[in-house]
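**Q** curious how this folds, go ahead:
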Amino acid sequence: METMIWFGAAVSLVGVFGLGWCVVLALRARNSGLPDDEIRASLQKVVIYNMGALGISALGLMLVVFGIFLS
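**A** Residues are numbered from 1 along each chain as shown. Prediction:
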């Protein structure tokens, strides 16, 4: 079960890095100087990536908790 805990921690870190990447994408879109419609379109894509990264991070945390319970 220790392997599951470490794997879950790695998956969770991938999700956290994905969330950081979403912040970078949102800041780039905001500071791009594009018209409002194009900024909104790019931010809508960032929201999709953000939800995916958050889901990956949550799955990793679930693996960690499940591994702890089984230990």
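
**Q** can you tell me the element the spatially most central residue of the chain falls in?
**A** Geometric centre of the chain, nearest residue: Ala53, 2.2 Å, by CA atoms, centre = their mean. When elements are assigned from DSSP states H and E, Ala53 belongs to helix 36-70.

**Q** any idea of the mean pLDDT in that helix?
**A** What helix 36-70 shows for mean pLDDT is 95.

**Q** what residues of it count as buried?
**A** Going by neighbour count (16 or more other CB atoms under 10 Å), the buried part of helix 36-70 is 39, 42, 46, 50, 53, 56-57, 60, 63-64, 67. For glycine as for every other residue, the C-beta is placed from the backbone atoms N, C-alpha and C.

**Q** and what of stretch 6-17?
**A** Within stretch 6-17, the residues that count as buried by 16+ other CB under 10 Å are 8, 11-12, 15.

**Q** average pLDDT for that stretch?
**A** What stretch 6-17 shows for mean pLDDT is 97.
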